[in-house]
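>>> Need a 3D model of the sequence below.
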Amino acid sequence: MAKIMVVEDDEQLNEVLCYNLQKAGYQVTPIVDGEVAVKELAQDAPDLLLLDIMLPSRSGWEVCEFISQQTHLSDLPVVIFTAKSSREDFDRARAFPNFSGYFVKPYATGDVMRHVAKLLERSAET
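This is a model prediction of the structure:
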């Protein structure tokens with residue numbers, strides 16, 4: 001069972017994502033704060049990280065910087081979620097070595113679920 005960490009401070013969005021991921025058979029860790037995400041990532045690496053950019057305590061960008069400094073997280077795929085649809089944010093996300101997807105809010109949950117399934121399928125093949 002793949003482990004997915006959902007880091008999203010909008011509790012309703014977090015609940016919807018976690019519900020759908022659990023229903024699909026994934027083990028899910030919901031987190032609403034960037035600092036808590038960093039502490040969890042330091043202890044236990046999930047198979048996939050779904051990461052909002054605008055978070056309390058530490059931004060998603062700061063979480064990405066932390067991941068970049070951790071050798072045990074070098075293969076962690078990260079899917080970015082943001083309310084900002086600027087080209088600058090997209091380019092910044094794409095420059096992150098662990099970048100594995102980008103969704104602008106509001107997004108279709110079904111699209112996220114299909115993307116997650118594809119990413120985890122690819123990871124299982126390697």
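>>> only C-alpha atoms for contact and neighbour calcs from this point on.
Noted.
>>> which residues touch residue 47?
Residues near residue 47 by C-alpha atoms under 8 Å, 6 or more residues apart in numbering: 2, 3, 4, 76, 77, 120.
>>> switch the cut-off to 7 Å
Contacts of residue 47 were listed using C-alpha atoms under 7 Å, 6 or more residues apart in numbering, and they are 2, 3, 4, 76.
>>> Got phi/psi on the third one?
Read that as residue 4. Main-chain torsions, residue 4, degrees, to the nearest 10: phi -120, psi 130.
>>> you'd agree residue 76 is up against residue 98?
Yes - the pair residue 76 and residue 98 passes the contact test of C-alpha atoms under 7 Å, sitting 6.2 Å apart.
>>> looking at the contacts of residue 47, which has the most residues close by?
Counting neighbours by other C-alpha atoms under 10 Å, the top entry in these is residue 4, with 22 neighbours.
>>> Pull up the gap between it and residue 115, please.
13 Å (C-alpha to C-alpha, to the nearest Å).
>>> again, but for residue 72
Spatial separation of residue 72 from residue 115 under the definition C-alpha to C-alpha is 23 Å.
>>> And the helices in the protein, which stretches?
Taking DSSP state H as the criterion, the chain contains helices spanning 11-23, 34-43, 60-68, 87-95, 109-125.
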